[in-house]
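1. Kindly generate the corresponding structure for this input.
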Amino acid sequence: MGIKSWVTSGCLEVGEIKGFKRAVKLPVKFPYNKDYIEKIKSVDGYRWHIQKKYWYFPDDDGTVEKILSAFSGEKINIDPALQEFYTLKRELVSRKYSKKTVKAYIHYNRELVKFAGNRSSDIDESDIKNYLFHLVEKKDVSTSTLNVAVNALRFYYGKILKRDFVYEVKRIKKDKKLPVVLSQNEVTMILSVVSNIKHKAILMLIYSAGLRVSEVVRLKVDDIDVDRNLIMVKGAKGRKDRQTILSDVALDIFKKYIREYQPENWLFPGATHRKRLNTRSVQKMFNRVCKEAGIKKEASVHSLRHSFATHLLESGVDLRYIQELLGHQSSKTTEIYTHVSNKNLRKIKSPLDNLKL
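-> Below you'll find the model as predicted:
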């Protein structure tokens, strides 16, 4: 295992330590400088290599950007292998891709390079196919995840590097799986065991308004219109704003939550008021609550959104209105709830009931 060679100079040098087919650390080297050391320590994850005499960071998505931000204005030499992914991120951001998409696209392109043991310029069609085969056979990823990986590679090698071989990788069709829907009784059981007012407010808003978990954690206090009983969802999927309903029950919980927690900016802040709550924390909380409520279904917090749509459909709300509330661009996406609704199924009599046993 060794350090890649960099351009030698008296400035900061950011490179990559490589092992067998896998980059494991990001070293940062510079002549002794107290100011530089302070800046290094301002970036999370820093370590000092006693034998090799350099600072290093875990090879995670976004680390290079944090280092560049800390050393803004300084002369920096970046290993070309790292520079290419920094360029990819800037291109994605300039095209206004969501943060989630940017992170995913960089992740899969970095993983391909690590898997193949080559730089992007040396990647060929066989590397692409072997990597995708690895995701399917070894990682056992879902078809939707595989599609994200294909799109990530297609964007970088096709649109940015103008390499034609990516287009020969066929897009995998999604599994036709029905969403997990909770009954109204199960939703009641879940909400009834939640004692924390903040957690109850989060789950109630998701279910009562059909929000995605990424949308509820991004809500700000001013996004709740208490006079019109509406919720403004800003920058939702597809970078679109929309309005959805705010129920009277959820409004009462919202008011109690505001009085107790007094959030200033983010409606649901995280550990510090400057940062919002992350989606992973909400999912962990939901999993714990489901266990306490005795829910046996393999439900995720997103199941509350599915349940919102299904319960509206079963109560007679037109599919077009449900589509608007959910923020679906295509009506075909919303139509999946017709397959899980039991409104019409309950009217069908089983042939077993006609037998004289």
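
2. Now Lys38: phi and psi?
-> No Lys there; residue 38 is Glu. Dihedral pair for Glu38: phi -60, psi -40, per degrees, to the nearest 10.

3. Please name the residues that touch Asn151.
-> Tyr105 (C-beta atoms under 8 Å, 6 or more residues apart in numbering). Every residue, glycine included, has its C-beta placed from N, CA and C.

4. do that again at 7 Å, thanks
-> Counting by C-beta atoms under 7 Å, 6 or more residues apart in numbering, Asn151 makes contact with nothing.

5. go on, the one 3 residues further on?
-> If you count contacts by C-beta under 7 Å, 6+ apart, Arg154 has them with Val166.

6. Wasn't it part of a strand?
-> No. Arg154 is assigned helix when assessed by DSSP: H, G, I helix; E, B strand; the rest coil, not a strand.

7. what are the ranges of the strands in the stretch 151-300 of the chain?
-> Remark: strands assigned in the stretch 151-300 of the chain by DSSP state E, counting those that start in this stretch are 224-225, 230-236, 240-245.

8. how far away is the closest residue to Tyr156 other than its chain neighbours from Phe115?
-> Of all residues not flanking Tyr156 in the chain, Asn109 sits nearest, at 5.1 Å (C-beta to C-beta, 6 or more residues apart in numbering). The gap separating Asn109 from Phe115 is 11 Å, by C-beta to C-beta, to the nearest Å.

9. who has more neighbours, the two?
-> Each of Asn109 and Phe115 has its neighbours counted (other C-beta atoms under 10 Å); Asn109 has more, 23 against 16.

10. my read: that one touches Leu88, true?
-> Yes. Using C-beta atoms under 7 Å, Asn109 makes contact with Leu88 at a distance of 6.4 Å.

11. for this structure, longest helix please?
-> Looking across the chain with DSSP state H, the single longest helix is helix 99-116.

12. and the angle for that one with strand 230-236?
-> Here helix 99-116 runs at an angle of 30 degrees relative to strand 230-236 (axes from the mean of the first three to the mean of the last three C-alpha atoms, to 10 degrees).

13. name the helices or strands packed onto helix 99-116?
-> helix 80-94, helix 125-137, helix 143-153 (3 or more C-beta pairs under 7 Å, 6 or more residues apart in numbering; DSSP states H and E).

14. Would you mark the buried spots in that helix?
-> 101-102, 104-116 (16 or more other C-beta atoms under 10 Å).

15. can you give me the end-to-end distance of stretch 64-76?
-> 11 Å (C-alpha to C-alpha, to the nearest Å).

16. go on, stretch 201-221?
-> Across stretch 201-221, first to last residue, C-alpha to C-alpha, it's 13 Å.

17. Perfect, that will be all.
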